[in-house]
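Novice: Sequence and predicted model, in that order:
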Amino acid sequence: MTAAYLRTVLFDLDGTLIDSAELILGSFRHTMRVHLGRELPDAEWLRTMGQPLEAQFLDFARSPEEAEAMLATYLEHNAAMHDRLLRSFPGMREYVEGLVGRGFRLGIVTSKRREGTLRGLELCGFEVEWFAAVVTASDVERFKPDPEPVRRALEAAGEGEAGRSLFVGDSVHDLRAGRAAGTHTGAALWGPYSREELAPAAPDHWLEGLDALDAVLERGDE
C-alpha cells in the first residue's frame with residue numbers, strides 16, 4: 001500500500017538508478033588524455049557531475065572551442081563503451097517495478113540527454129512506461145541545481161503537491177534541485193559520492209540502500 005504521505009518518487013538516473021561510474025569516468029579519462037595530454041583526478045570530474053556535459057567541459061577547457069571538441073571526444077568514447085559498461089544497481093530494476101505495483105507515481109530527472117537516457121533505461125531493463133515523467137537535459141532550459149527539471153517532472157507526473165514527493169539522487173545538484181522545488185530529498189549513498197561530500201546539500205534522508213528508501217516510503221515523511 002502506498003504510504004499515506006509520500007506518493008510520488010523522482011529519481012536521478014546516473015549514479016542512482018543506473019551504475020554508470022566506470023563508463024563516465026573512463027570517458028573523462030580518455031578525453032583528458034586526448035586534449036590535455038594527461039589524466040586528471042577522478043574527483044575533478046565528480047565535482048562537476050549532475051550538470052549537462054556542455055557545462056562540465058567548460059571547467060576543463062582553455063576555450064569554448066576546446067570545450068566543444070572535448071564534448072565530441074567524450075561522446076564518441078562513451079557511445080563506443082556504453083553497452084559494455086553500463087548496468088543497473090543490484091536489485092534496482094525489481095525494486096522500481098515493485099513501486100509501480102504499489103501505486104507510487106514515478107519519474108526521472110536527469111542531466112543526461114534524452115537519447116542516452118532512453119538507451120540506458122532499455123539496456124538496464126527499465127520500462128519507460130513505469131515512469132509518468134522522464135525529464136532530461138533535452139527538455140529544459142535550466143538545469144539542476146535549478147528546480148526547473150524537478151518541477152517539470154512533478155507536473156508531468158500529475159503531482160500538484162511537491163511536499164508529497166521524494167527526489168532521490170546521488171549528487172548535491174540533485175538534492176539542491178529537489179529542495180528548491182519543494183520536494184523531500186533522499187541522498188543515494190550507493191552512488192559515487194560519500195556522506196561527507198553530500199552533507200552540504202542537507203538531504204532530508206540518508207539512504208544507505210533500498211531498505212532505507214523503503215522505510216521512508218512506508219512511513220511517509222515525518
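Specialist: Cool, the structure landed.
Novice: Which helix runs longest in the chain?
Specialist: With DSSP state H applied, the helix covering the greatest number of residues in the chain is identified as helix 64-85.
Novice: just checking, what packs against the very next helix or strand once past that one?
Specialist: Note on helix 64-85: by DSSP states H and E, the next helix or strand toward the C-terminus is strand 87-88. Counting contacts by 3 or more CB pairs under 8 Å, 6 or more residues apart in numbering; DSSP states H and E, the secondary-structure elements packed against strand 87-88 are strand 18-19. All C-beta spots, glycine's among them, are computed from the backbone N, C-alpha and C.
Novice: can you list the weak-confidence ranges in this protein?
Specialist: Across the chain, the ranges flagged by pLDDT under 70 are 1-4, 220-222.
Novice: Show me how it divides into domains.
Specialist: Domain assignment for the chain, taken from automatic domain parsing, gives 8-20+87-219, 21-85.
Novice: And the longest helix of the chain, what's buried?
Specialist: Residues of helix 64-85 classed as buried: Ala67, Ala69, Met70, Leu71, Thr73, Tyr74, His77, Asn78, His82, Leu85 (neighbour count, 16 or more other CB atoms under 10 Å).
Novice: what do you get for stretch 117-137?
Specialist: Applying a neighbour-count criterion of 16+ other CB under 10 Å, the buried positions in stretch 117-137 are 117, 119-121, 124, 126, 130-137.
Novice: Adding secondary structure and distance to Arg38 as columns, could you present those residues in CSV?
Specialist: As requested, the buried residues of stretch 117-137 are arranged in CSV below (DSSP: H, G, I helix; E, B strand; the rest coil; distance: CB to CB, whole Å):
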residue, secondary structure, distance to Arg38
Thr117, helix, 31
Arg119, helix, 31
Gly120, helix, 29
Leu121, helix, 34
Cys124, coil, 33
Phe126, coil, 37
Trp130, helix, 42
Phe131, coil, 40
Ala132, coil, 45
Ala133, strand, 41
Val134, strand, 37
Val135, strand, 36
Thr136, coil, 32
Ala137, coil, 28
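Novice: Throw the residues you listed into TSV and include distance to Gly178, thanks.
Specialist: Formatted as TSV, the entries for the buried residues of stretch 117-137 read as follows, by distance: CB to CB, whole Å:
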residue	distance to Gly178
Thr117	18
Arg119	25
Gly120	21
Leu121	21
Cys124	23
Phe126	20
Trp130	20
Phe131	16
Ala132	17
Ala133	14
Val134	16
Val135	13
Thr136	16
Ala137	17
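Novice: Tell me the one of the residues you listed nearest Leu36?
Specialist: Ala137 (24.5 Å; CB to CB).
Novice: if you skip the residues just before and after it, what's nearest to the closest one?
Specialist: In space, not counting the residues next to it along the chain, Ala137 is nearest to Pro52; the distance is 4.6 Å by CB to CB, 6 or more residues apart in numbering.
Novice: how many neighbours does the one you found have?
Specialist: A count of nearby residues for Pro52, using other CB atoms under 10 Å, gives 18.
Novice: separation between it and Leu75?
Specialist: Computed with CB to CB, to the nearest Å, the distance linking Pro52 and Leu75 is 12 Å.
Novice: those helices in the chain, which residues are they?
Specialist: Under DSSP H, the chain gives helices at 21-36, 42-46, 53-57, 64-85, 92-101, 114-123, 148-156, 172-181, 195-198, 210-219.
Novice: Check which residues of the third one are buried.
Specialist: The reference is to helix 53-57. For helix 53-57, the neighbour count (16+ other CB under 10 Å) marks Leu53, Gln56, Phe57 as buried.
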